[in-house]
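Asks: Need a 3D model of the sequence below.
(chains A and B)
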Amino acid sequence: MLEYIAKRTAIAVFVVFATSALTFLLLSLIPGDTAVMIIQRVFVGDVTYNPSKMEIEAAEQIFQLGNPMWMQYIHWLSNALHGDFGTSYISGRGVLGEILVRLPATVELAIAATILSLLVAIPLGVISAVRQNSKVDYSSMALATFFISMPNFWLGLVLILIFSLHFDLLPVAGYGGIDHLILPTITLCAGMMAVTVRLTRSSVLEVLRLDYITTAKAKGLGDGRILYRHVLKNAMIPVITIVGLQLGYLLGGTVIVETIFAWPGIGKLLIDSINARDIPMIQGCVVFIAIIFSLVNMLVDISYYFLDPRIKYEEV
Amino acid sequence: MFIKLNKISILAICLILFSSIILGCIEEDIEESVVTPTSSETAPVEKQTLIVGEMWDIRTVDPVKSGEMVKEKAMIVDTLVEADPDFTLRPGLSELWEQVSDLQWKFYLKKDVKFHDGTEFTADVVKWSIERAMEMNPSVKTLTQIKSIEIVDNHTLLFITEEPYAAFPASLEYPSLGIISPTSKTDDKGIVTKPIGTGPFKFERFDVASGTLYLLRNDDYWGIKPGLEKVVIKGIPDPTSRAMSVEKGEVGFTCDVPYGDIERLRATSGLKVEAYPTARVYQMQFGNLTGTPYSDVRVRKAISYAIDREVISDRTLHGCAAPAIGPVMPTITWSNQKLEGYPYNLENAKQLLAEAGWEDTDGNGIVDKNGEEFGFTLYTYPQRPGLQPMAEAIQSMLKDVGIKVEVRVMDWSAIGEHMTDRDLKLSGTAVAMVPDPDYYLRKTYHSNSDSNIWGYSNPEMDSLLEEGLSTFHAGKRQETYDRVQEIALDEVPIIHVAYYKVAVVMHDNVKGFVFNPIAHDYMLNPEMYIAS
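Replies: Residues are numbered from 1 along each chain as shown, chains lettered A, B, ... in the order given. Next up is the predicted model:
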């Protein structure tokens, strides 16, 4: 087990490292001169501004842009290993600090959406499986298809229109109490929930057909006991995998939902930085998201070990 | 067991719905308290809170990094020189200025001014503050041409410019030159985290995470007494969310809502919607004026005549633009009022094209010359929502005169790599970074300008523009720039399509707002208050 964890950690470190290198490479391929873009977007606030040579040289000096790309990367990497992820061009604050300030909002939304999704999706999935081809099954299927096909930005706006403007129940946008959390949570949750319901259903159906369930029934165990002790535990492995992936994705910030609801999370920070070509900030956000994603994935894989003793990592 | 699970899920759903209703009601009560009417004309002090839905994320409160936020929107700092809505200069923190020589300007500071924390407002502080801005923002030096600053006495400064620069006083209006006190709190990198200025509003706090800025009235303000007690500015970058926030009453003032929402908001009771022209112009520039069909001025004029600016402003942009004549909108004091521009005229356009040799010889609807059809790609970028619809409208209008246009939308910085000499670019360009004619006219029409990549060159224009820089007499200077605008319109090296308008939406009870087009986006003013 320990050997497995060590191996996984090594892979995760490699993934993060590779992500950082790839991001740097891609950012260097953005058309246009970085110094010119900083002047246009940070100093003057107008993309049509044409800076003079003097301004470009001064900006290159202020932001240390004179060196070739690979040297900038090595410089960034060595600083990052010492915990310094650079300084945002726009705000002049440390990149790590900016990310950490927005982390609570993102975590709050991610956890709320995951919990809500699990609370609704797992019971619904199980019911749909147990009562296969019933009305419940069909309507949950229809609902899931509906929610999967609905884009986030549309659902978010429609929810605002209905619950904020028409019924005047919830705030439109912003970060604050639980009332601010409800609409973004539901918006995020809808798509996730739909996937989880379908997955839970098919996974439970699969387990229900296995021999040991027939044995359990033959033993005379009650339906509830079979479902809880035998079916759910075995059916949960794929569900946990997908929920883990979803959580990792959510913890990386959700660009669209955070933008619509003016939710001050990492996704909104990332899109804002991309719009402004704030390269250290983009780099920092992407690496941070890669770290979170690798970490969550690793935890999910390790959790299999505890959920299903049949999985032996030494053999993997 | 199954029924039990069902019950739990129903219970959970009920719980969520119920709590959302309760919380919704609580929220409503809070909103009510902000707008409850009273008997007097202005609402009492405790109701004088204005919540502003800002279009950008607020990331920093350092005036050098974000001058338009700290000066124009938050009103924390003042500049030495201010400008009226028609761009006439007026005293700011400096009550008077005089020109000593071609390169030297003496500025007399106001004496009865104190910073928010009581720090004395003196020449030392101003020198420090402006030098700090020049060091941190290289564009400040380009815009102001400051070579050095000398202190004459406690309230008098002498500025020395690199070149004779008639635009100098105007350049001190640039928002990054808002004066802060050295007692302003900074972080370890020297970025201001608590700006202390002299403006009508004091910095209370800045919530970095949510990008919300809280301001308090400065009772000791040197100008008129501000009407509002508190101003809260929160970043809502999504235009649709901004529109819905102001409709619901979560914010009392916002701008740049989606064009398609303007009619609906106008019809909503309790809201006022107004589109104000700003100092930004939608313009089309040619790839190259040499070696292309555009080297013939008749072709350039034909294209200009073929564009129906009224339709673009009123229909395509839902009234959020005004038809352009020349580069400068007529409300700006230095605009040449005599110019007429190129009103929509299909016949003129066709005739000019024919005179230039472009005729539809094969009857396919596209004009040609020497067997070559007239077509180009019109490039534009997505950051301003009016650009793409405008480009498409121009595409269909030019089709009527037989020019085939393809529209391509891509990031600003990528356009340069794709655009050929024959293509055109549509942009929304700032006309007055500082309230002076020199900035835009010289960068657009001088043959040496970094911006003039289309290669326009006219010796008379060059000498007029240089003359404007060193002509300090206001009347003579105006004559120079009148002539510049006349030549610019006559030779059309750039086609001006429309003046940019910003749609401001606010609640009916927000009074005293004056739109000042010098602002980057919009500017709040101390006269604003909330009526009962």
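
Asks: Secondary structure class of the residue lying closest to B:E406 once chain neighbours are set aside, three-state.
Replies: Nearest residue to B:E406, sequence neighbours excluded (C-beta to C-beta, 6 or more residues apart in numbering or on different chains): B:T377, at 4.7 Å. Bear in mind the C-beta positions are built from the backbone N, C-alpha and C, glycine included. Counting by DSSP: H, G, I helix; E, B strand; the rest coil, the backbone at B:T377 sits in strand.

Asks: So B:T377 versus chain A, what's the distance?
Replies: As judged by C-beta to the nearest C-beta, to the nearest Å, B:T377 and chain A stand 17 Å apart.

Asks: what do you get for B:G270?
Replies: 13 Å.

Asks: Give me the number of neighbouring residues for B:H418.
Replies: 12 (other C-beta atoms under 10 Å in any protein chain shown).

Asks: Run a quick check on it versus B:T380, I expect a contact.
Replies: No: applying C-beta atoms under 8 Å as the test, B:H418 and B:T380 come out as separate, 11.7 Å apart.

Asks: B:P382: neighbouring residues, count only.
Replies: B:P382 has 11 nearby residues by other C-beta under 10 Å.

Asks: sec struct for it, please.
Replies: With three-state DSSP as the criterion, B:P382 reads coil.

Asks: Show me where the stretch 101-250 of chain B has its helices.
Replies: For the stretch 101-250 of chain B, the helices defined by DSSP state H, counting those that start in this stretch occupy B:123-136, B:138-144, B:168-171, B:239-248.

Asks: Out of those helices, the one nearest chain A is which?
Replies: Of all the helices of the stretch 101-250 of chain B, helix B:138-144 sits nearest to chain A, with 3.4 Å by C-beta to the nearest C-beta.

Asks: And the contacts of the closest one?
Replies: With contact meaning C-beta atoms under 8 Å, 6 or more residues apart in numbering or on different chains, helix B:138-144 is reached by A:39, A:43-44, A:49, A:51-52, A:54-55, A:58-59, A:62, B:64, B:133-134, B:161, B:168, B:171-172, B:174, B:176-177, B:433-434, B:439.

Asks: still on that earlier bit, now tabulate the helices of the stretch 101-250 of chain B in JSON lines and tack on mean pLDDT.
Replies: Output for those, formatted as JSON lines (pLDDT from 0 to 100):
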{"stretch": "helix B:123-136", "mean pLDDT": "96"}
{"stretch": "helix B:138-144", "mean pLDDT": "90"}
{"stretch": "helix B:168-171", "mean pLDDT": "96"}
{"stretch": "helix B:239-248", "mean pLDDT": "93"}
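
Asks: would a markdown table of those with mean neighbour count be doable?
Replies: Output for those, formatted as a markdown table (neighbours: other C-beta atoms under 10 Å in any protein chain shown):
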| stretch | mean neighbour count |
| --- | --- |
| helix B:123-136 | 18 |
| helix B:138-144 | 23 |
| helix B:168-171 | 24 |
| helix B:239-248 | 24 |
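
Asks: Take those and write them to a markdown table, including distance to B:L157.
Replies: Listed next are the helices of the stretch 101-250 of chain B as a markdown table, based on distance: least, C-beta to C-beta, whole Å:
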| stretch | distance to B:L157 |
| --- | --- |
| helix B:123-136 | 5 |
| helix B:138-144 | 13 |
| helix B:168-171 | 12 |
| helix B:239-248 | 41 |
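
Asks: can you tell which of those helices is closest to B:V407?
Replies: In terms of C-beta to C-beta, the element of these nearest to B:V407 is helix B:239-248, at 21.8 Å.

Asks: can you tell if the closest one touches chain A?
Replies: Yes: using C-beta under 8 Å from any C-beta of the partner chain, we find that helix B:239-248 touches chain A at B:T240, B:S241, B:M244, B:S245, B:E247, B:K248.

Asks: Let me know the next secondary structure element after that helix.
Replies: Next along the chain after helix B:239-248, taking DSSP states H and E as the criterion, comes strand B:253-255.

Asks: Which element is encountered next along the chain beyond that next one?
Replies: Defined by DSSP H and E, the subsequent element after strand B:253-255 is helix B:262-267.

Asks: in the helix or strand that comes right after that next one, what's buried?
Replies: Of the helices and strands lying after helix B:262-267 in sequence (DSSP H and E), the nearest is strand B:271-286. Neighbour-count burial for strand B:271-286, with 16 or more other C-beta atoms under 10 Å in any protein chain shown as criterion, is recorded at B:271-273, B:275-286.

Asks: Stretch B:203-215 too?
Replies: The neighbour-count check on stretch B:203-215 (16+ other C-beta under 10 Å) flags B:F203, B:F206, B:V208, B:A209, B:S210, B:G211, B:T212, B:L213, B:Y214, B:L215 as buried.

Asks: In contact with A:I5, which residues?
Replies: Counted by C-beta under 8 Å, 6+ apart, A:I5 has contacts A:M298, A:I302.

Asks: Checking my notes, it in a helix, right?
Replies: Yes: counting by three-state DSSP, A:I5 is found in a helix.

Asks: separation between it and B:P169?
Replies: Noted for A:I5: a distance of 68 Å to B:P169, by C-beta to C-beta, to the nearest Å.

Asks: So is stretch A:90-99 next to chain B?
Replies: Yes: applying C-beta under 8 Å from any C-beta, one finds stretch A:90-99 in contact with chain B at A:I90, A:S91, A:G92, A:R93, A:G94, A:E98.

Asks: For the residue nearest in space to the middle of chain A, grab phi and psi.
Replies: For chain A, the residue nearest the mean C-alpha position is A:Y249 (1.7 Å; C-alpha atoms, centre = their mean). Per-residue torsions, A:Y249: phi -60, psi -40 (degrees, to the nearest 10).

Asks: which non-adjacent residue is nearest it?
Replies: A:F293 (7.4 Å).

Asks: any chance of the residues of helix B:239-248 next to chain A in CSV, plus distance to A:L188?
Replies: Shown next, in CSV, are those (distance: C-beta to C-beta, whole Å):
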residue, distance to A:L188
B:T240, 18
B:S241, 16
B:M244, 18
B:S245, 20
B:E247, 24
B:K248, 21
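
Asks: among those, which two are most distant?
Replies: Greatest spacing in the residues of helix B:239-248 next to chain A, by C-beta to C-beta: B:T240 and B:K248 (12.6 Å).

Asks: residues near the residue in the stretch 1-150 of chain A positioned nearest to chain B, how many?
Replies: Nearest residue of the stretch 1-150 of chain A to chain B, counting by C-beta to the nearest C-beta: A:G32, 2.9 Å away. Neighbour count for A:G32, taken as other C-beta under 10 Å: 17.

Asks: so who does the residue lying closest to it once chain neighbours are set aside touch?
Replies: Spatial nearest neighbour of A:G32, chain neighbours left out: B:S413 (2.9 Å); criterion: C-beta to C-beta, 6+ apart. Counting by C-beta under 8 Å, 6+ apart, B:S413 touches A:I30, A:P31, A:G32, A:V36, A:M37, A:V47, A:R277.
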